[in-house]
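J.: Sequence and predicted model, in that order:
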2 protein chains.
Amino acid sequence: MTVTTTTDYQTIYQQLGETFDDQSLLFGDQINPDFGHDEMESFQHLPDIVVRPKTTQEVSLVMKLANQYQIPVTARGTGTGLVGGCVPMEGGILIDLSAMNQILELDADNLTLSTEAGAMLKDVATYAANQGFLYAPDPGEKTASIGGNIATNAGGMRAVKYGVTRESVRALTVVTPQGDVLKLGGKIVKTSSGLDLKDLFIGSEGILGIITEATLRIRPLPKANTSLMVPFDDFKAALGTVPKILQSGIQPTAVEFFEADSVKCWESFASQKFPQSGAAAYLLLTFDEQSDEIVESDYEAIAELCLDNGASDAYVLDTDELKKAVWSARDTFLEAIKASTPDMDEADAVVPRSATAEFVQYTHDLAKKEKIRIPGFGHVGDGNLHLYICQDDYDDTTWKAKLSTVFNALYAKASALDGKVSGEHGIGYAKRNYLKNTTSDADLVAMRAVKTALDPNHILNPDKVI
Amino acid sequence: MTVTTTTDYQTIYQQLGETFDDQSLLFGDQINPDFGHDEMESFQHLPDIVVRPKTTQEVSLVMKLANQYQIPVTARGTGTGLVGGCVPMEGGILIDLSAMNQILELDADNLTLSTEAGAMLKDVATYAANQGFLYAPDPGEKTASIGGNIATNAGGMRAVKYGVTRESVRALTVVTPQGDVLKLGGKIVKTSSGLDLKDLFIGSEGILGIITEATLRIRPLPKANTSLMVPFDDFKAALGTVPKILQSGIQPTAVEFFEADSVKCWESFASQKFPQSGAAAYLLLTFDEQSDEIVESDYEAIAELCLDNGASDAYVLDTDELKKAVWSARDTFLEAIKASTPDMDEADAVVPRSATAEFVQYTHDLAKKEKIRIPGFGHVGDGNLHLYICQDDYDDTTWKAKLSTVFNALYAKASALDGKVSGEHGIGYAKRNYLKNTTSDADLVAMRAVKTALDPNHILNPDKVI
């Protein structure tokens, strides 16, 4: 890459000034330090210039200029990532897409919703719901941008039934590193018309192109739903029941898992007792269907199946109060774990569903061996565990060393079980060495060939993913 | 590309003879002429060498040799394609994968079936069904290979509910043009771990790599199913009802459409009357669910919805005889159309579901204007129409000219409606100019960059797709 001096950035800033006004173009000291990190804050680096485009054409113009000067460009949505994906590790231009947040159209006949990439997940979901439709992907962070969800192929709780973000993307508008505008896919629901670049850009974490608009799949809003909480005395019995649930023919929307350590952490954080506290492990399921009768028949059959497989009880969360109590607890587990320790870092490993019990047992053994706390919970209907390695009383140096040992061990184990480093958060900057260590040379060579083909000057989001 | 002489092929043949025996290696006159065309037979070219590998390693060995000599390589499954995708238009080596037809494993806990790429769709589906599982993709041609289904991202009737082949592929083993072996995906159900090469290879029609093994998603076999046939006096009313069905919240498995001309063609071919003959257009729906009660409530609600939207009647195909009669007719429409004319060619256009009525009206008008017969039917739940342009009494020269005019007009219209050239059959050799004419330069440049990155010597399936 060409070495770019401060003077160059001043030149580029002036050129951008011909298109962008003062509110949309920031330089040097004008740049808020928040643009130098994401939600995890482990990795920090400030951009030299921030631009806030309002149109795909403006993004294209920025890319053309950056390509001409061969300077780094990093795209950012709302900065809620956890792996440093939107942190401009080599400086350069940060394209803040949060001003491109217009929802463009809901097409009921084609069951699509078109939106700019900077719109927030919660706004898209609410917009659809207000017109009687469901945008199915449901990642935990509702203030994430849709573009960020697509760039990381975000998952969320409802993936068990509806798939991850990928399965709900019909079309993308993408600006290439050269500033060309690609229109991939459409309102069509199937196509075999040339190479599938749309799926290549989904999950590519901003290293191939910048997603500026998306057409999403929506569905009729389910008419009934309920939740079922199932305590077990043994986490292995809980996890061993999951494949049986999914083989039963009944399709739960979500299958979540957590253990007593997360519950205790939450109780201490929230200063209240968890409903039905005291079990070693829990499955928490939801069902959404077109009628109360089907939902009822679903949860009755699954409750029976769980009881036959070692559950100590099965609670239908049939009042709004109970449902709210359990889910708001589940939704604040992460916050509770964060509050319990000076610092922590996260592993987002995914393994085949049959291997979750072995993987969780391994984390227990590892925690004991390394004398470190690793509370966790996860989307076990998808084999996806979120594990939090806690600093607790360790000094920084010891902790960093332990963190590296634990991460290496966890990802090696996941890989040995035919799993992957990330189920839904992506690789970004934080996990790229773990991806490298668990991916074959041939696969990496092919990924890098595709990266270089589309971004020959390597200006897009450098140092990320591969 | 290096010009390869007959002498070179003799050398390569001899080198391959060190690995492959006489049954697995054919040269010159030993090559059956069937290896020079697919099901459509419109484009023909013989390979210089045919090899029939039994393992991924053997495929890798062939590719390494071909890469060294820079000679063309074309992969072939069972040759049931309709666009010349497996025809070796520049000769070279044909890799016949039909001997790699072993089903390797059914993993009930992970709901996966692993198979070699040469296994036939019908064998995979039967293997899964015999153990109580559904392999959901259901393309019409049951003797197609799974590798071919994946390479074309084949669709089929059940895509309305379960998606196309892409949505049922968990993992692929792919041999690159350099002979490296990629292992993409896994038994995991989600991942955000690096560039998504798996989806790039799905639908790539053999121009990026050779798929040798696949791990497929299977599901619990539905416990109940039925079909509903709904006649309409007006095709527009039929097609206008489809979005309403899909907005209702009830999820049909299949939504097929056909008109009186296809029915008449079949009646003449089969020498019998179609059940409930005489309507202008029909919707044919299937529902599969976990109980008879749900299926019954589904078809009752949809029958009522159709009657409210202009259907002249609604027949539940509730006896095995009736179901068989209707579906076996539907399954032989193509054969009946083929038998009605000396020659024909097919368009596999896909448009947004809201645009099917306008598209079908356009084909009617075009048939009238061009004085040519274009019977058709389609997977309208997916916006995918199969249209058959019939030669009838035209001489070959006039017909070829008309064919070109009609194809250009149909694809231009599909494109104007935000549709694509192919919904499920692929581009291959036959449709590449139509793809080119309906795709932006920027999209084509990006596709070609990816092709060149993975196959820099352009030896894999030359002259195809892009």
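T.: Sure thing, it's come through.

J.: Report the secondary structure state of the residue of the stretch 351-466 of chain A found nearest chain B.
T.: Of all residues in the stretch 351-466 of chain A, A:A453 sits closest to chain B, with a separation of 3.3 Å (Cβ to the nearest Cβ). Every C-beta, even on glycine, is put in place using the N, C-alpha and C of the backbone. Judged by DSSP: H, G, I helix; E, B strand; the rest coil, the three-state class of A:A453 is helix.

J.: So A:T241 belongs to a helix, correct?
T.: Yes. Using three-state DSSP, the assignment for A:T241 is a helix.

J.: and it, how many neighbours?
T.: Residues lying near A:T241 (other Cβ atoms under 10 Å in any protein chain shown) number 23.

J.: contacting residues around A:A301?
T.: Shown in contact with A:A301 (Cβ atoms under 8 Å, 6 or more residues apart in numbering or on different chains): A:248, A:250.

J.: What pLDDT is listed against it?
T.: For A:A301, the model assigns a pLDDT of 97.

J.: Put the alpha carbons of stretch A:100-120 into CSV.
T.: Output of stretch A:100-120 as CSV, limited to C-alpha atoms (Å, rounded to 0.1, in the frame of the first residue of the first chain):
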residue,chain,number,x,y,z
MET,A,100,-28.4,6.3,5.3
ASN,A,101,-31.2,5.1,7.5
GLN,A,102,-34.3,5.5,5.4
ILE,A,103,-36.7,2.6,5.0
LEU,A,104,-37.6,2.8,1.3
GLU,A,105,-40.5,0.4,0.7
LEU,A,106,-42.6,-2.5,2.0
ASP,A,107,-43.9,-4.6,-0.9
ALA,A,108,-46.6,-6.8,0.6
ASP,A,109,-47.1,-8.7,-2.7
ASN,A,110,-43.5,-9.8,-2.9
LEU,A,111,-43.0,-10.0,0.9
THR,A,112,-40.0,-7.7,0.8
LEU,A,113,-38.8,-4.6,2.7
SER,A,114,-36.2,-2.4,1.0
THR,A,115,-34.0,-0.2,3.2
GLU,A,116,-30.9,1.8,3.3
ALA,A,117,-28.1,0.0,5.1
GLY,A,118,-27.8,2.4,8.0
ALA,A,119,-31.3,1.7,9.3
MET,A,120,-31.4,0.1,12.7
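
J.: anything in it sitting right up against chain B?
T.: Yes. Judged by Cβ under 8 Å from any Cβ of the partner chain, stretch A:100-120 and chain B are in contact via A:107-111.

J.: Quick one: mean pLDDT for that stretch?
T.: Averaging pLDDT along stretch A:100-120 gives 98.

J.: cool, and stretch A:216-231?
T.: Mean per-residue pLDDT for stretch A:216-231: 97.

J.: How far away from the center of its chain is that stretch?
T.: From the chain centre to the centre of stretch A:216-231 is a distance of 20 Å (Cα atoms, centre = their mean, to the nearest Å).

J.: Pretty sure A:S98 sits in a helix.
T.: Yes. If the criterion is three-state DSSP, then A:S98 is within a helix.

J.: Would you verify that A:V83 is located in a strand?
T.: No. Read with three-state DSSP, A:V83 is coil and lies in no strand.

J.: that older thread, which members of the residues of stretch A:100-120 next to chain B are positioned in strands?
T.: Using DSSP state E, A:D107 are the members of the residues of stretch A:100-120 next to chain B that sit in strands.

J.: Next, format the residues of stretch A:100-120 next to chain B as JSON lines and append distance to B:E346 and neighbour count.
T.: Below are those laid out as JSON lines (distance: Cβ to Cβ, whole Å; neighbours: other Cβ atoms under 10 Å in any protein chain shown):
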{"residue": "A:D107", "distance to B:E346": "29", "neighbour count": "17"}
{"residue": "A:A108", "distance to B:E346": "32", "neighbour count": "17"}
{"residue": "A:D109", "distance to B:E346": "27", "neighbour count": "16"}
{"residue": "A:N110", "distance to B:E346": "25", "neighbour count": "26"}
{"residue": "A:L111", "distance to B:E346": "28", "neighbour count": "24"}
